[in-house]
Every structure is written in structure tokens, then in C-alpha cells.
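Visitor: the amino acid sequence is not available; the structure is as follows:
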């Protein structure tokens, strides 16, 4: 019985280590910003295609489960996302840093169907 108890704790640890070894690859964000600019990635982890607006101007959208990058001058940008086939949306300010990738990781807000949940980080 003592051996079984040790394995109960070891299995989640082994699974977590395997995930770290294989699941943290950011190869999809391999575009380097042009000289003097930064890159904004919208990573759409939803089943929606979405329209993307940067400072009120519509730019190329992002398909379901896809991502798209936008090369921009460094600064703060107002970004709005709107689902193609529903009322789901997001708007907020995003920093773009020179020589860096700003990633907007978009998923569905589980507490409010009409909103996207967006986690922003720098790569």
C-alpha cells in the first residue's frame, strides 16, 4: 500500500515534466520585428473567426484557431476584436515594444459568453 501512495504523487509530477519538455514551444511566433518596430500577435484560440481593429482601423482578421502578426511602431495601441458570427468582443490598450513580440492570447471568457478573455505577454 505504501508503494501505491508514492505513485499517486509521482504520476502528476511525471505528467507535468513531460508537458514542460514538449508543450512549451513558441515556434508559431517566430516572426522577428523589423528594425525599429515591434510585432503584435493575435493568437486566436477560439472557434470564432474574428475581425481585428487597431486604433479604430480594420486590419486583416484572424481565422478560427489561427494567429496573425502586425508589425507596428513602438507605442500604445487600442485593439478591438469582434467575432465574425456572434456578439463576442474585446477592446483594450496594448503596448508594442521595439524589437519585441507582444502576444495577445485570446480565448473565450467562461464567465461571459459575449466576451473574449485576453492574456497579453511579451515574447
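Guide: Good, I have the coordinates. Everything quoted here is computed from the prediction, not taken from an experiment.

Visitor: who's in contact with the most centrally placed residue in the chain?
Guide: Closest residue to the average C-alpha location of the chain: residue 105 at 1.5 Å, with Cα atoms, centre = their mean. Residue 105 sits next to 43, 45, 118, 119, 120, 121 when contact means Cβ atoms under 8 Å, 6 or more residues apart in numbering. C-betas here are computed from N, CA, C, even on glycine.

Visitor: just the buried members of the residues you listed?
Guide: Neighbour counting with 16 or more other Cβ atoms under 10 Å marks 43, 118, 120 as buried within the contacts of residue 105.

Visitor: take these and keep only those in strands.
Guide: Among those, DSSP state E puts 43, 118, 120 in strands.

Visitor: verify the stated contact: the first one with residue 106.
Guide: Right, the one you point to is residue 43. Yes. Applying Cβ atoms under 8 Å, one finds residue 43 in contact with residue 106, separated by 6.3 Å.

Visitor: who are the contact partners of residue 39?
Guide: 31, 32, 33, 69, 70, 71, 72, 96, 100, 101, 102.

Visitor: part of a strand, is the last one?
Guide: Right, residue 102. Yes. The assignment for residue 102 (DSSP: H, G, I helix; E, B strand; the rest coil) places it in a strand.

Visitor: can you count the residues close to it?
Guide: Applying other Cβ atoms under 10 Å, we find 23 residues neighbouring residue 102.
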